[in-house]
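# can you look at this prediction? I've put the sequence above it.
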Amino acid sequence: MLGSNPLRPQEVGDGQTLWVQEVFYTLQGEGPFSGEPAVFVRLAGCNLSCYWCDTEFESSTWRPDLSELMQTIAEVKTPFCNLVVLTGGEPFRQNIRPLIDGLLSLSNSMRVQIETNGTLWIDLPESDRLHIVCSPKTANLNQKLVAKVDSYKYLVAAGQVDASDGLPTTSTQQAGEPARIARPPAESCAQVFVMPIDARDSETNEANIQATVSSALTHGYRLTLQTHKLTGIR
Ligand code: SF4
C-alpha cells in the first residue's frame, strides 16, 4: 500500500457479510501472541493510509457470508490452533461482532485477537478470550476502544522518537510530518510493545532496530520483531 490505498469509511452493517481480503493459517509474527499458530482473517479496506504500510488489503472482491467465512476458517485451522487474529486493513471498519461471537462459541479455549489502529469502535462481547492490540496511528484514540485495549504496539523509526517516553514523534500519514501519535492513557495497565519499522534497506533497518531496543530498555516497553518476515512466512 505504502500510503496509496483509498480511505474507506466505516460501514457497519449487520455483520452477516464481510469484505475479506484473505484467510490463512500461519504463526502470529508479532505482539503478545508472537510465535503462536493462528488463523489470520484479513478484513478488507482501511480508514487510514500510512506511508509505510506494506499490507495488501484492497485487491479482493470476496464478500462471504458468515457461514462461508466460518467454514473457510475451519478448513485452514488445525485442531490444536486456538487463536484467530482479526486484522486488516482496519477490522472495526465493519461489524465484526457476529464473527467474534461465532468464533468464541467454537470452544472454551478459542481466543480472538483484534489488531486495530485505534480510531473506530463497534460494540464487543465481554470475554477474557478477546484480546485487543491497538497500534495507534493518529493523535486521538476512540475512547470506547481505550477501555478495552489489552496491548499497545508502536512502530519505531530512528530519529523519530520522543526522548521523554521513547514513542514516535512523527505522523504515520505523511513521512517526516511532526505529529504526536496517541499514547496509552496514564491509568492504562495495558502492556506496551515497540517494534522497528521495516524500511527495506539494511542500514535504516539496523538504525530502527537500535532505536527500538533503546526505547524498550529506557522506558520498560517490550520489544517485538516482525518474526514472520525474519522467518520468511506470511
Ligand atoms: S492503519 Fe494499519 S492497515 Fe491501515 S494503512 Fe495504517 S498500517 Fe496499513
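Arrived safely.
# the longest helix belonging to the chain: which residues count as buried?
Counting by DSSP state H, the longest helix found in the chain is helix 202-219. Across helix 202-219, burial judged by 16 or more other Cβ atoms under 10 Å covers Thr204, Ala207, Asn208, Ile209, Ala211, Thr212, Ser214, Ser215, Ala216, His219. For glycine as for every other residue, the C-beta is placed from the backbone atoms N, C-alpha and C.
# and for stretch 116-124?
For stretch 116-124, by 16+ other Cβ under 10 Å, it's Thr116, Asn117, Gly118, Thr119, Leu120, Trp121, Ile122, Leu124.
# with stretch 53-71 instead?
Applying 16+ other Cβ under 10 Å to stretch 53-71 flags Cys53, Phe57, Glu58, Leu66, Leu69, Met70 as buried.
# contacting residues for the residue lying closest to the first one once chain neighbours are set aside?
This points to Cys53. What sits nearest to Cys53 in space, not counting adjacent residues and going by Cβ to Cβ, 6 or more residues apart in numbering, is Met1, at 4.4 Å. Residues in contact with Met1 (Cβ atoms under 8 Å, 6 or more residues apart in numbering) are Cys46, Ser49, Cys50, Cys53, Asp54, Thr55, Glu56, Phe57, Glu58.
# please produce TSV containing these, extended by pLDDT.
Converted to TSV, the contacts of Met1 look like this (pLDDT from 0 to 100):
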residue	pLDDT
Cys46	98
Ser49	96
Cys50	93
Cys53	91
Asp54	86
Thr55	92
Glu56	95
Phe57	96
Glu58	96
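# and the end-to-end length of stretch 149-159?
Length of stretch 149-159, first residue to last, Cα to Cα, to the nearest Å: 28 Å.
# that one near the ligand anywhere?
No. Judged by Cβ under 6 Å from any ligand atom, stretch 149-159 stays clear of the ligand, getting no closer than 8.2 Å.
# ditto for stretch 210-226
No. Residues of stretch 210-226 are not located near the ligand by Cβ under 6 Å from any ligand atom, the shortest gap being 12.4 Å.
# now swap in stretch 127-142 and tell me
Yes. Applying Cβ under 6 Å from any ligand atom, one finds stretch 127-142 touching the ligand at Lys137.
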